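1. Structure of the sequence below:
(one chain, ligands or ions: 1)
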Amino acid sequence: MELRAAVVAITGASAGIGRACAFAFAREGARLALTARRGDRLQEIASALPSSEVLVHAADVADAAQVRGFVDATVARFGRLDVLVNNAGFGVRGSVEDTPDEDYRRLMEANYYGTVYGCRAAVPIMKRQGAGVIINVSSIVGHRSLPGGGAYAATKAAQVSLTESLRVELRGTGVFACSVHPVGTATEFGEVAQRESPGRAGGPVGPQQTAEQVADAIVRCARRPKPEVYPHFLSRGLVALNAIAPGIVDFWAWRAARKSGRL
Ligand SMILES: NC(=O)c1ccc[n+]([C@@H]2O[C@H](COP(=O)([O-])OP(=O)(O)OC[C@H]3O[C@@H](n4cnc5c(N)ncnc54)[C@H](OP(=O)(O)O)[C@@H]3O)[C@@H](O)[C@H]2O)c1
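-> Residues are numbered from 1 along each chain as shown. Predicted coordinates:
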């Protein structure tokens, strides 16, 4: 896809990977629609972007009507929707046993249902256009979960299953659905997880990367869609090893989680 003047809608654009995506797509000359709950942050980002064509629309992705409102506002402003990045999300810390029921529910509502609502709002529009790319930001833990984050990882795995079905359903329509699988990324994610699960131990496990590295991989995916995107070079190896020998990965995960204070 040619990204110059393409209409790119990004959820969770007020921080981290979403914010980095806004800058990366703006550098390509795309027209942008940005959403998150903090409208003031979105306004600050919009005024710092090199692109002059930016729509800011505050919304909570856990609410279907608000997500639809964002997508509709994008089409009303720009006349089309070429790329949707379903990126908004958060995590909590805690073992499967210690994580409260309420956390399982609200994680699913934002991370999984937020993605469902985005896909369902965008698909009919993109099908009518005969073109479009939906990019769902999952995680490496969507393929291989770690101790101390099962409630979050389950939402990321749910995004993968959804994307796999959608991708095949859209075959031949000109619309693509892709999933992105970052490893630990330096954003506000850890701070938010700590705030959302006070008193529960946690910390990053495994290699780390920057939000800009993930955003660059997302831009490449929009230009040339791929079923699955792994912004860190080690990730495919981990997924393959886990398919062949999950017990070995269990052992590595146990040791790494003990070192990081998750266990
Ligand atoms: N950082 C990592 O290590 C990592 C690794 C793999 C995958 N990911 C995934 O990458 C995505 C982005 O995370 P990040 O690392 O960039 O975290 P971040 O810096 O905390 O940014 C999260 C973004 O999501 C938005 N958001 C959260 N809940 C929302 C809701 N209910 N409605 C609308 N917006 C919401 C936040 O905006 P408001 O608070 O303003 O609403 C913010 O813009 C997430 O899906 C996350 O699961 C992150």
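2. How about the contacts made by the closest residue to Ala36 other than its chain neighbours?
-> Using Cβ to Cβ, 6 or more residues apart in numbering and skipping the chain neighbours, the partner closest in space to Ala36 is Ser14 (3.6 Å). Heads up, the C-betas are built off the backbone N, CA and C, glycines and all. With contact taken as Cβ atoms under 8 Å, 6 or more residues apart in numbering, Ser14 is in contact with 34, 36-38, 41-42, 45.
3. 10 Å instead, please
-> Ser14 is in contact with 22, 34-45, 56, 58, 88, 188, counting by Cβ atoms under 10 Å, 6 or more residues apart in numbering.
4. Which pLDDT does the model give it?
-> If you check Ser14, the pLDDT there is 98.
5. do the one 5 residues further on as well
-> Per-residue confidence (pLDDT) for Arg19: 98.
6. Return the residues in contact with it.
-> 10, 12-13, 34, 36, 41-42, 44-45, 48-49, 87, 187-188, 211-212, 215 are the contacts of Arg19 under Cβ under 10 Å, 6+ apart.
7. Pretty sure it sits in a helix.
-> Yes: under DSSP: H, G, I helix; E, B strand; the rest coil, Arg19 falls within a helix.
8. Can you pull the residues of the protein lying near the ligand?
-> 11-18, 36-38, 41, 60-62, 87-90, 110, 137, 139, 182, 184-185, 187-189, 192 (Cβ under 6 Å from any ligand atom).
9. Enumerate every residue touching the closest residue to the ligand within the chain.
-> Nearest residue of the chain to the ligand (Cβ to the nearest ligand atom) works out as Gly16 at 2.2 Å. Residues in contact with Gly16, defined by Cβ under 10 Å, 6+ apart, are 87, 89, 137, 185-189, 192, 211, 214-215.
10. Averaged pLDDT, the helix or strand harbouring Asp40. What do you get?
-> Using DSSP states H and E, Asp40 sits within helix 39-48. Here helix 39-48 scores 98 as its mean pLDDT.
11. now swap in stretch 67-74 and tell me
-> In this model, stretch 67-74 has an average pLDDT of 98.
12. So which bits of that stretch are buried?
-> Neighbour-count burial for stretch 67-74 flags 67-71, 73-74 (criterion: 16 or more other Cβ atoms under 10 Å).
13. still on that earlier bit, nearest spatial neighbour of the residue of the chain closest to the ligand, skipping sequence neighbours?
-> Thr187 (2.9 Å).
14. Over to Cys21?
-> That would be Ala215: by Cβ to Cβ, 6+ apart, it lies 4.5 Å from Cys21.
15. Surely that neighbour and Val229 touch.
-> No: between Ala215 and Val229 there is no contact under Cβ atoms under 10 Å: 11.4 Å.
16. so what sits against both of those two?
-> In contact with both Ala215 and Val229: 180, 182, using Cβ under 10 Å, 6+ apart.
17. neighbour-wise, which of those two wins?
-> Using other Cβ atoms under 10 Å, the more surrounded residue of Ala215 and Val229 is Ala215, with 28 against 20.
18. That one sits in which helix or strand?
-> helix 211-223.
19. got the residue ranges for the strands in the stretch 101-250 of the chain?
-> Taking DSSP state E, counting those that start in this stretch, the strands of the stretch 101-250 of the chain run over residues 132-137, 175-180, 184-186, 208-210, 228-229.
20. Include distance to Ala26 when you put the ones you listed into JSON lines, please.
-> Formatted as JSON lines, the strands of the stretch 101-250 of the chain follow (distance: least, Cβ to Cβ, whole Å):
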{"stretch": "strand 132-137", "distance to Ala26": "16"}
{"stretch": "strand 175-180", "distance to Ala26": "19"}
{"stretch": "strand 184-186", "distance to Ala26": "20"}
{"stretch": "strand 208-210", "distance to Ala26": "17"}
{"stretch": "strand 228-229", "distance to Ala26": "20"}
